[in-house]
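Engineer: Let's see this in three dimensions:
(chains A and B)
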2 protein chains.
Amino acid sequence: MRQLIVDTPSHAYPIHIGNGVLNNFSLLQPHISKKVAIVSNTTVAPLYIESLHTVLKNNQIEYFDIILQDGEQYKNHESLNQIYNSLLQNHADRKTTIIALGGGVIGDMAGFAAATYQRGIPFVQIPTTLLSQVDSSVGGKTAINHPLGKNMIGAFYQPQLVLADLDTLDTLPERELSSGMAEVIKYAILDDAEFLTWLENNMAALMQRDKATLTQAVYHCCQMKANIVAQDETEQDIRTLLNLGHTFGHAIETEMGYGIWLHGEAVAAGTVLACQLSEQLGSLKTTDTERIKAILRQAKLPDTPPVFPFERWLAHMRHDKKVASGKMRFITLAALGKAQLTTIEDEQILKTVLSNYLPK
Amino acid sequence: MRQLIVDTPSHAYPIHIGNGVLNNFSLLQPHISKKVAIVSNTTVAPLYIESLHTVLKNNQIEYFDIILQDGEQYKNHESLNQIYNSLLQNHADRKTTIIALGGGVIGDMAGFAAATYQRGIPFVQIPTTLLSQVDSSVGGKTAINHPLGKNMIGAFYQPQLVLADLDTLDTLPERELSSGMAEVIKYAILDDAEFLTWLENNMAALMQRDKATLTQAVYHCCQMKANIVAQDETEQDIRTLLNLGHTFGHAIETEMGYGIWLHGEAVAAGTVLACQLSEQLGSLKTTDTERIKAILRQAKLPDTPPVFPFERWLAHMRHDKKVASGKMRFITLAALGKAQLTTIEDEQILKTVLSNYLPK
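Structural biologist: Numbers count the residues shown, from 1 in each chain, chains lettered A, B, ... in the order given. Below is the predicted model:
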């Protein structure tokens, strides 16, 4: 088991990474109160909630379950309201702790509910997907989607504790494993060329779910993200770089309908587009982009986006949260392992980048 | 004009109190960006929004309006969603500033929208009622109501600036003026016996809307609240005392249906009940309660609650945000000018207090 501390201006909290941490009450105990609401979904709950119940019951913690539909398309106001209703019906008060048991969608929604129920109650993340273990459970971003844009409604709100149990990855569908790997690869591209080489050498073992190799990758990504979040909790500055591939990626997700392309799949195609944009800006070589495409394919991820009209790309990207004073901003690459924030004033360059993926 | 600074751990911001501050661009300028969303309602907008438009137009600030229905019964998810939709349709980004122009309901909703749109954008409060000038615009509490409880969904989120323009009180209906006065009186009762005497001597002038006397009262209340909020931004401790009269008051509002009893009217009746509870606990004299009833009547406020069954009182009060680990907690008085937080384990004492107001 490995442990690290995320130290933000508002709050410091531990992340435990390893096998079986989900059932280790000594890790949970210092961070929860006498009453717990477990938020999970119809896929994850049947696999892991009983084991959590047993641990809580054996330690005289009162609990109740809030089970949501599974999928990005349910990360909306209706599911959020299901959480609020259940909290109120079960007389949850300001000391009740929410435990988010599931992937990024559950973590984002349970976290936003915790941030806003009675103006804020404690919560614990138990991420059960690779994507949520390396990304969404670290850093306190919580949100729901709005019909006009992904993650448009949310808050920065840090958990009390994160338990990343690698055993839960055993039941993860391969497409979901790949989706998480897109974020792992993203970390390497944006800030760590050495880690990129390590990933190229270890991708086979990672895709075969070798626990020791996975532990190393998850720990490394959490460490990178924790360092960035410690410097910039509310994304004023360097935290923006974590959005590499996400401006194009969110456009794909919104256009296709939430849940059709998985988040990591959209980010993978978006990362290739960010590489190609960097090529157009003269800061990256075609061979670099080819190298990224190769590792994405190794992780069974798409390296091209779906085809839809340029006007739709623009409409989605103009809603991006990085837009500032009306100007579109993208994360581009000065080199592999070195991301930067770039304002794009000339839309023609975007049309050039997307030209291969527009309807003929 | 008077000015004070609210200094919370998360953020410090100024409050300007005086005549005509709404039209003083030099006060607004340092705290807004190039694009502004004005959130107001159908009652206040016709009175003051044109004047704000002129000021913004003259200073090349782009703006758009979001006009909500007027009333506590509209402080709900639907109105909040109207704000989100308009922000998205008008391409509001993370630098867009929300200006809340209206009473406490507008401030609470616009503030919560600002706290959660794209995980937080700047906002400015221009409170146009006595209630919002002395209470809801100071301290960063934002919220919407839930069918099962008042202010159940919200966040602590501080504004960039508060402009309390006393000229806006000229158009306030008398019932609304009284409602605000309930909170003014509350401050005196909970922490300032000297201010209570001052209010007894000046209530006639206040109710006649004498500007100099009103300025003094508003400034004094904001100062008191700023001091408390500086010590306890997220209501872990002494800030709870500001809820004097509110446990009973929220029960009245929820039972009657939001907007039937005005907030201040419910707080006035709730404050008398808190006095009577304190009498039952042996810490207050009947003559003290009579003194409070008298000043409430001077301010044309009710001193008795509506009649409804004890079980309904209990049901509402069990949803109160002060409930901790399942126990009900009330603000009671150790003396006039000295409030305290009291856990009530024996419900019988509540039944005794409410006995005169239960159905026969």
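Engineer: quick one: the helices in the stretch 1-150 of chain A?
Structural biologist: Using DSSP state H, counting those that start in this stretch, the helices of the stretch 1-150 of chain A run over A:25-28, A:45-58, A:77-89, A:104-116, A:130-131.
Engineer: Around the closest residue to A:Phe195 other than its chain neighbours, count how many other residues there are.
Structural biologist: Nearest residue to A:Phe195, sequence neighbours excluded (CB to CB, 6 or more residues apart in numbering or on different chains): A:Ala188, at 4.3 Å. In this view, the C-beta of every residue, glycine as well, is placed from N, C-alpha and C. When neighbours are defined as other CB atoms under 10 Å in any protein chain shown, A:Ala188 has 24 of them.
Engineer: you'd agree A:Ala188 is up against A:Asn202?
Structural biologist: No: with contact defined as CB atoms under 8 Å, A:Ala188 does not count as touching A:Asn202 (11.1 Å).
Engineer: hang on, the earlier thing: nearest to chain B, of the helices of the stretch 1-150 of chain A?
Structural biologist: helix A:77-89 (4.3 Å; CB to the nearest CB).
Engineer: Packing partners of the closest one?
Structural biologist: Other elements packing on helix A:77-89 under the criterion 3 or more CB pairs under 8 Å, 6 or more residues apart in numbering or on different chains; DSSP states H and E are strand A:35-41, strand A:62-68, helix A:104-116, strand A:141-146, helix B:77-89, strand B:149-156.
Engineer: can you rerun that using 6 Å?
Structural biologist: The contact analysis (3 or more CB pairs under 6 Å, 6 or more residues apart in numbering or on different chains; DSSP states H and E) places helix A:77-89 against strand A:62-68, helix A:104-116.
Engineer: could the ones you listed go into a markdown table alongside mean pLDDT?
Structural biologist: Listed next are these as a markdown table, based on pLDDT from 0 to 100:
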| stretch | mean pLDDT |
| --- | --- |
| strand A:62-68 | 98 |
| helix A:104-116 | 97 |
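Engineer: Of those, flag the one that's most buried.
Structural biologist: helix A:104-116 (a mean of 28; mean count of other CB atoms under 10 Å in any protein chain shown).
Engineer: near chain B, anything from that one?
Structural biologist: Yes: counting by CB under 6 Å from any CB of the partner chain, chain B has neighbours in helix A:104-116: A:Thr116.
Engineer: Which stretches in chain A count as strands?
Structural biologist: Per DSSP state E, chain A carries strands over the ranges A:2-8, A:11-18, A:35-41, A:62-68, A:97-102, A:123-127, A:141-146, A:149-156, A:161-165, A:328-335, A:338-344.
Engineer: which one of these lies closest to chain B?
Structural biologist: Judging the strands of chain A by CB to the nearest CB, what sits closest to chain B is strand A:149-156, at 4.6 Å.
Engineer: circling back: put together a markdown table for the strands of chain A, with distance to chain B on each row.
Structural biologist: As requested, the strands of chain A are exported to a markdown table (distance: least, CB to the nearest CB, whole Å):
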| stretch | distance to chain B |
| --- | --- |
| strand A:2-8 | 13 |
| strand A:11-18 | 12 |
| strand A:35-41 | 7 |
| strand A:62-68 | 9 |
| strand A:97-102 | 12 |
| strand A:123-127 | 14 |
| strand A:141-146 | 6 |
| strand A:149-156 | 5 |
| strand A:161-165 | 19 |
| strand A:328-335 | 10 |
| strand A:338-344 | 13 |
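Engineer: Nearest to A:Asp108, out of those strands?
Structural biologist: strand A:141-146 (5.2 Å; CB to CB).
Engineer: Can you list the strands that the closest one pairs with?
Structural biologist: strand A:149-156 (antiparallel) (DSSP bridges).
Engineer: what's the strand it pairs with in contact with?
Structural biologist: Strand A:149-156 has contacts (CB atoms under 6 Å, 6 or more residues apart in numbering or on different chains) with A:112, A:115, A:140, A:142-144, A:146, A:234, A:250, A:253-254, A:319, B:116, B:119.
Engineer: Ok, stretch A:52-65 next?
Structural biologist: Taking CB under 6 Å, 6+ apart as the rule, stretch A:52-65 contacts A:23, A:25, A:35-38, A:90.
Engineer: Can you turn the buried part of those into a ChimeraX selection?
Structural biologist: ChimeraX command restricting those to the buried ones, with burial defined by 16 or more other CB atoms under 10 Å in any protein chain shown:
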select /A:35,36,37,38
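Engineer: now, among the contacts of stretch A:52-65, which is nearest to A:Leu354?
Structural biologist: A:Ile38 (42.9 Å).
Engineer: Could you tell me how far the closest one is located from A:Ser137?
Structural biologist: According to CB to CB, to the nearest Å, A:Ile38 and A:Ser137 sit 16 Å apart.
Engineer: again, but for A:Ile49
Structural biologist: Using CB to CB, A:Ile49 is found at 18 Å from A:Ser137.
Engineer: Compare those two and say which one has the larger neighbour count.
Structural biologist: A:Ser137 (29 against 18).
Engineer: Which parts of chain A belong to which domain?
Structural biologist: A:2-169, A:174-354 (the TED database).
Engineer: Highest mean neighbour count out of those?
Structural biologist: domain A:2-169 (a mean of 21).
Engineer: and that one, how far from the chain's centre?
Structural biologist: Centroid separation between domain A:2-169 and its chain, computed with CA atoms, centre = their mean, to the nearest Å, is 13 Å.
Engineer: Endpoints of it, how far apart?
Structural biologist: Terminal residues of domain A:2-169 are spaced 17 Å apart (CA to CA, to the nearest Å).
Engineer: sorry, back to before: A:Pro359 is nearest to which of the helices and strands packed on helix A:77-89?
Structural biologist: Comparing those by CB to CB, helix A:104-116 comes nearest, at 30.5 Å.
Engineer: Run through the bridge partners of A:Asp65.
Structural biologist: With DSSP bridges as the rule, A:Asp65 is bridged to A:Ile38.
Engineer: sorry, that was for A:Lys338
Structural biologist: The partner residues for A:Lys338, given DSSP bridges, come to A:Ala335.
Engineer: Report the separation between it and A:Leu244.
Structural biologist: 11 Å.
Engineer: Retrieve the pLDDT associated with the residue nearest to A:Phe195.
Structural biologist: On pLDDT, A:Ala188 comes in at 96.
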